[in-house]
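Student: Quick one: sequence plus predicted model below, questions after.
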There are 2 protein chains.
Amino acid sequence: MDPVPALLAMTYRALGDQFHDRLRQIGLEPLRPAHGYVFRFLKERRATTVDIGAHLGVTKQAAAKIVAELDEWGYVLREPHPTDRRAQYVALTTKGRDYLKLADNLWADLEGEMAEAIGAATLDTVKQGLTAYLRHVHGDDQPGLRPVW
Amino acid sequence: MDPVPALLAMTYRALGDQFHDRLRQIGLEPLRPAHGYVFRFLKERRATTVDIGAHLGVTKQAAAKIVAELDEWGYVLREPHPTDRRAQYVALTTKGRDYLKLADNLWADLEGEMAEAIGAATLDTVKQGLTAYLRHVHGDDQPGLRPVW
DNA sequence: AAGGTTGGTCAACCCAGTTGACTACTTTGG
DNA sequence: CCAAAGTAGTCAACTGGGTTGACCAACCTT
């Protein structure tokens, strides 16, 4: 059996490749994983570029580039921060929310197919197990989610 | 609960970071994951640079760079291919095998700690589940193991 | 009001990958 | 048998997504 990290990497890639293919079939712009993570992050909270960088585990400069792209493409917009005149909140546009919704459906499809392939109970154990391990390692302050290859 | 790809990515990173830290504590050269995957690949078979590239899921040029580094650092050497005068077999040196052995021990430690944290049975299910999914997606011809972020 | 901290931007750089072109050798099939 | 197609490896130029460092303006102390 392959070692755990290889299993994780290969599964990640397998899922990502399928996701990417289906997005392309639909004809959507080929956003990268980091963009999706930003969407999901912004869905639940208001955030500055610095927050986004911390969430992704990259520098604020790198985060700024990503935000600039998303802005240019119309997925997010910047609005002034209510109390701090240096800062800007980054917010999803309708286009951004639509994209996220579609992507979430795609992910749900893929996860459903995974459940079908290996059994819903097994998939559930996988998710529980990984979640528990992350809690074990990091406690409550989860780090950025960008893997480092 | 986080979506599956995020769980995979975060777990991969968590394991990788710990591995990297421990290697550094021991004082070993900071090889990158790709190097490790090459070691593991070469442990079991003779391979050319092209083979290695295919295994990693990168171009032969990228693979050549990795092999050149490993050669320079003394972990592998190149020997002439017995029948094809264009090709070279890449082989682990003793230094390479020692490194691999040490790294394998480290990985085993980490996997052991993971088993302790989430339960051996759960870990086993995780591994079985991911393996089964990969078989489901790819059949028998597994692709390169490099994730694409 | 002074000094340290923080959000954001600009610019230069890094590095691991890519594409493309090429040589030398091997394989194929008419 | 030989010409054409294919393959191993190398060189060079480029790309993209990150980094570090310097900076300004606003903010937060004290």
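Tutor: Thanks, I have it.

Student: How far off centre is stretch A:58-66?
Tutor: Centroid separation between stretch A:58-66 and its chain, computed with C-alpha atoms, centre = their mean, to the nearest Å, is 15 Å.

Student: actually stretch A:86-96, not the one I typed
Tutor: Distance, stretch centre to chain centre, for stretch A:86-96: 16 Å (C-alpha atoms, centre = their mean).

Student: Spatially, which residue comes closest to A:E69, not counting chain neighbours?
Tutor: Leaving aside its sequence neighbours, A:E69 sits nearest to A:H35 (C-beta to C-beta, 6 or more residues apart in numbering or on different chains; 7.4 Å). Every C-beta, even on glycine, is put in place using the N, C-alpha and C of the backbone.

Student: meant to ask about A:T122, not that
Tutor: Using C-beta to C-beta, 6+ apart and skipping residues adjacent in sequence, the residue nearest A:T122 is B:G129, 4.4 Å away.

Student: Please name every helix or strand in contact with the strand or helix carrying the one you found.
Tutor: Using DSSP states H and E, B:G129 sits within helix B:120-138. Secondary structure elements in contact with helix B:120-138, counted by 3 or more C-beta pairs under 8 Å, 6 or more residues apart in numbering or on different chains; DSSP states H and E, are helix A:4-26, helix A:94-118, helix A:120-138, helix B:94-118.

Student: how about those in TSV, adding mean neighbour count and mean pLDDT?
Tutor: TSV is the format used below for the helices and strands packed on helix B:120-138 (neighbours: other C-beta atoms under 10 Å in any protein chain shown; pLDDT from 0 to 100):
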stretch	mean neighbour count	mean pLDDT
helix A:4-26	19	86
helix A:94-118	16	94
helix A:120-138	18	94
helix B:94-118	16	95
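
Student: As JSON lines, those with distance to B:A63 would be great.
Tutor: As requested, the helices and strands packed on helix B:120-138 are exported to JSON lines (distance: least, C-beta to C-beta, whole Å):
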{"stretch": "helix A:4-26", "distance to B:A63": "17"}
{"stretch": "helix A:94-118", "distance to B:A63": "30"}
{"stretch": "helix A:120-138", "distance to B:A63": "30"}
{"stretch": "helix B:94-118", "distance to B:A63": "16"}
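
Student: okay, now A:L42: neighbour count?
Tutor: Using other C-beta atoms under 10 Å in any protein chain shown, the number of residues around A:L42 comes to 24.

Student: State the separation between the helix holding B:G129 and the centre of the chain it belongs to.
Tutor: Distance of helix B:120-138 from its chain centroid, counting by C-alpha atoms, centre = their mean, is 18 Å.

Student: ok, residues contacting that helix?
Tutor: A:1-2, A:4, A:7-8, A:10-11, A:14, A:18, A:114, A:117-119, A:122-123, A:125-126, A:128-130, A:132, B:111, B:114-115, B:118, B:142 (C-beta atoms under 8 Å, 6 or more residues apart in numbering or on different chains).

Student: CA atoms only: put that helix into PDB for me.
Tutor: Output of helix B:120-138 as PDB, limited to C-alpha atoms (Å, rounded to 0.1, in the frame of the first residue of the first chain):
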ATOM      1  CA  ALA B 120      -5.500   2.300  14.000                       C
ATOM      2  CA  ALA B 121      -8.700   1.000  12.600                       C
ATOM      3  CA  THR B 122      -9.700   4.400  11.400                       C
ATOM      4  CA  LEU B 123      -6.400   5.000   9.800                       C
ATOM      5  CA  ASP B 124      -6.600   1.700   8.100                       C
ATOM      6  CA  THR B 125     -10.000   2.600   6.700                       C
ATOM      7  CA  VAL B 126      -8.700   5.900   5.500                       C
ATOM      8  CA  LYS B 127      -5.900   4.200   3.600                       C
ATOM      9  CA  GLN B 128      -8.200   1.500   2.200                       C
ATOM     10  CA  GLY B 129     -10.700   4.100   1.200                       C
ATOM     11  CA  LEU B 130      -8.300   6.300  -0.600                       C
ATOM     12  CA  THR B 131      -6.700   3.400  -2.300                       C
ATOM     13  CA  ALA B 132     -10.000   2.000  -3.400                       C
ATOM     14  CA  TYR B 133     -11.000   5.400  -4.800                       C
ATOM     15  CA  LEU B 134      -7.800   5.700  -6.800                       C
ATOM     16  CA  ARG B 135      -8.400   2.300  -8.200                       C
ATOM     17  CA  HIS B 136     -11.900   3.300  -9.100                       C
ATOM     18  CA  VAL B 137     -10.800   6.400 -10.900                       C
ATOM     19  CA  HIS B 138      -7.700   5.200 -12.600                       C
END
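
Student: just the angle between that helix and helix B:94-118, please?
Tutor: If you take axes from the mean of the first three to the mean of the last three C-alpha atoms, to 10 degrees, helix B:120-138 sits at 120 degrees to helix B:94-118.

Student: Having no further points to raise, I will conclude here.
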